[in-house]
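K.L.:
fold the following, please.
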Amino acid sequence: MRPLRHPRAPSLPRERGRGARICAILVTFLLLLPVYAAAVSSPADMLPDPVQEDRARALGREIRCMVCQNQSIEDSEAPLARDLRLIVRERITAGDSDGQVMEFMHARYGDFVLLKPPFAWSTAILWATPLIAVLVGIFAILGLRRRRATAPAPLTEEERQRLAALGLPPRNGTGA
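P.N.:
Here you go, the predicted model:
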């Protein structure tokens, strides 16, 4: 049964083209991009000197946001990340070198604040975890391959008779 439609209503296409959908997604993304960029770095927080601002952004990409934990402070929208960005910019304005800024942040917040923590006994587990995970994966794969490589035991005479009674051929290649 056809749905009722007003006689003067124009017929609408049932499905929009794929290109139109992709275009709509792209336009939405482009419209939201400035909102995201404004949330990450406020123009009022930026340094007036572009060279210093570039240094601050480069340092900010090496410092971990302690709220997000897997983003740099330059990529995070958390209020704590903004505070850390301001501290980095204050230190640069005060004349600190990149190394001095990183030492200051490391002394104040510890190894966790660095996206690339230094290799030390206290951070050895951080550096060893990927290697341990790869080794565990290799041993798991080898273990599974060994299990599959072992051939099943041949059928006993009783099992063959049960299969024959059911009308099924034996499955282990014995031919009986």
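K.L.:
give me the domain ranges for the chain.
P.N.:
Domain assignment for the chain, taken from automatic domain parsing, gives 43-116, 120-147.
K.L.:
among these, which comes closest to Leu26?
P.N.:
Checking the domains of the chain against Leu26 by C-beta to C-beta gives domain 43-116 as the closest, at 22.2 Å. C-beta coordinates here come from the backbone N, C-alpha and C atoms, glycine included.
K.L.:
any idea which of the domains of the chain is most buried?
P.N.:
Across the domains of the chain, the average number of neighbours (mean count of other C-beta atoms under 10 Å) peaks for domain 43-116, which reaches a mean of 16.
K.L.:
report the mean per-residue pLDDT for that domain.
P.N.:
When the per-residue pLDDT values of domain 43-116 are averaged, the result is 88.
K.L.:
just stretch 151-170 next, same as before
P.N.:
Averaged across stretch 151-170, the pLDDT comes to 84.
K.L.:
just to revisit the earlier point, Ala24 is nearest to which of the domains of the chain?
P.N.:
Judged by C-beta to C-beta, the one of the domains of the chain that comes nearest to Ala24 is domain 43-116, at 25.3 Å.
K.L.:
and Pro154, helix, strand or coil?
P.N.:
Judged by DSSP: H, G, I helix; E, B strand; the rest coil, the three-state class of Pro154 is coil.
K.L.:
right, I'll leave it there.
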